[in-house]
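**Q** I would like the atomic coordinates for the input below:
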Amino acid sequence: MESTGAEPVPADGHVHTEWSWDAPTGSMRRSCARARELGLPAVVFSDHADFTPWTTAPDGRRRVIGGHAATGLLDVAGYLDEVRWCRERYPDLRILTGVELGEPHLFPDDTARVLRQGGFDRIVGSVHCLPVGGDLVYSPLLMDSDPLDVVRRHLAETALMVTRCDVFEVLAHLDLPVLFWPADRPPFDPHALRDEYAAVLEPLAAGGRVLEVNTAGPWPSAPVLRWWREHGGTAVSFGSDAHDPADLGRGFPEAMAWARASGFRPGRTPADHWVRD
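**A** Residues are numbered from 1 along each chain as shown. Okay, the predicted model is just below:
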């Protein structure tokens, strides 16, 4: 992936490695090599910190954190050692530390403990799960019931995270369940939840934070970048959400065109967030 004309390739701000519990084929070292091949100016290794068991399959199997809840299953010391190794061997690649906090508004003490250990360059906040009967359930698993209501609830939980938790800079994959919209239903219409989107975007913009263009989905839904600008949003980041090095930078040319059409342009340096025109 090469820059074209005056439009530089942005940083990949959302990459997972072997330090994420759900990235069995992840590799920080191979991700650095891949980023250099693609001509990316920077990469943010935003590995997962999650603080609770949550259902990961319809049969109810769980990823149980148990005694690891204090670290969210993220070995911060090991992760930082690997970052140092990569920085020494890839001096031409800007490597930023990061963490993706799952539902940090529900676990403020555990969140604070992870952040104290890391001194991370970039902190990403995300909602993957919804409360159901005292458990947290991966929201895409609920889409076979009332999918519009699931997306509505997901946005409402995200609004709670934005308003109750100020420790993260970037909001990841805003409307995650939409990718799992049932094929036998009429297509998802984001305009049906315009107010719910606004309840997220307005406080996010007021806090000077950043909305992610996540190319794994892609997320958010098509008109949301324009709504983000209308609600005062000043910046977007780009993230492949790669869990394998082969997926770094996926979909970036299309995402860049989408952001440009929505009123955003490259920042001061290629590694910066894109900013509003």
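**Q** Against H128, how distant is G118?
**A** Between G118 and H128 the computed distance is 20 Å (CB to CB, to the nearest Å). Every residue, glycine included, has its C-beta placed from N, CA and C.
**Q** who's more crowded, those two?
**A** Ranked by neighbour count (other CB atoms under 10 Å), G118 and H128 place H128 first, with 23 against 19.
**Q** hang on, isn't that one packed against P177?
**A** No: the pair formed by H128 and P177 falls short of the contact definition of CB atoms under 8 Å, at 9.7 Å.
**Q** which residues pair with R94 across the strands?
**A** A42 (DSSP bridges).
**Q** ok, now which ones touch it?
**A** A11, P41, A42, V43, A271 (CB atoms under 8 Å, 6 or more residues apart in numbering).
**Q** Could you please give me the overlap between the contact lists of H128 and P177?
**A** Joint contacts of H128 and P177 (CB under 8 Å, 6+ apart) are S139.
**Q** all helices of the stretch 1-150 of the chain, in order?
**A** For the stretch 1-150 of the chain, helices defined by DSSP state H, counting those that start in this stretch occupy the ranges 28-38, 76-89, 108-118, 147-164.
**Q** packing partners for the second one?
**A** When contacts are defined as 3 or more CB pairs under 8 Å, 6 or more residues apart in numbering; DSSP states H and E, helix 76-89 packs onto helix 28-38, strand 42-49, strand 94-102, helix 108-118.
**Q** To H231, which of the ones you listed lies closest?
**A** Smallest distance to H231 across these (CB to CB): 23.0 Å, for strand 94-102.
**Q** avg pLDDT for that closest one?
**A** Strand 94-102 carries an average pLDDT of 97.
**Q** Report the buried residues of that strand.
**A** By 16 or more other CB atoms under 10 Å, the buried positions in strand 94-102 come out as R94, I95, L96, T97, G98, V99, E100, L101, G102.
**Q** Can you give me the separation between the closest residue to H191 other than its chain neighbours and V162?
**A** Among residues not flanking H191 along the chain, P223 sits closest, at 7.3 Å (CB to CB, 6 or more residues apart in numbering). For P223, the distance to V162 (CB to CB) stands at 19 Å.
**Q** which residues touch the nearest residue to C86 once chain neighbours are set aside?
**A** Closest residue to C86 apart from its sequence neighbours, by CB to CB, 6+ apart: C32 at 4.9 Å. With contacts defined as CB under 8 Å, 6+ apart, the neighbours of C32 are V43, C86, R89, Y90, L93, I95.
**Q** Neighbour-wise, give me the winner out of the residues you listed.
**A** V43 leads the contacts of C32 on contacts (other CB under 10 Å) with 31 neighbours.
**Q** got the contact list for that residue?
**A** A11, D12, V15, S31, C32, A35, L93, R94, I95, L96, L248.
**Q** Would you agree D110 is in contact with L73?
**A** No: assessed by CB under 8 Å, D110 is found out of contact with L73, at 10.8 Å.
**Q** Flag the shaky bits of this protein, pLDDT-wise.
**A** Residues of the chain that meet the criterion pLDDT under 70 lie in 1-6, 53-72.
**Q** Great, nothing more from me.
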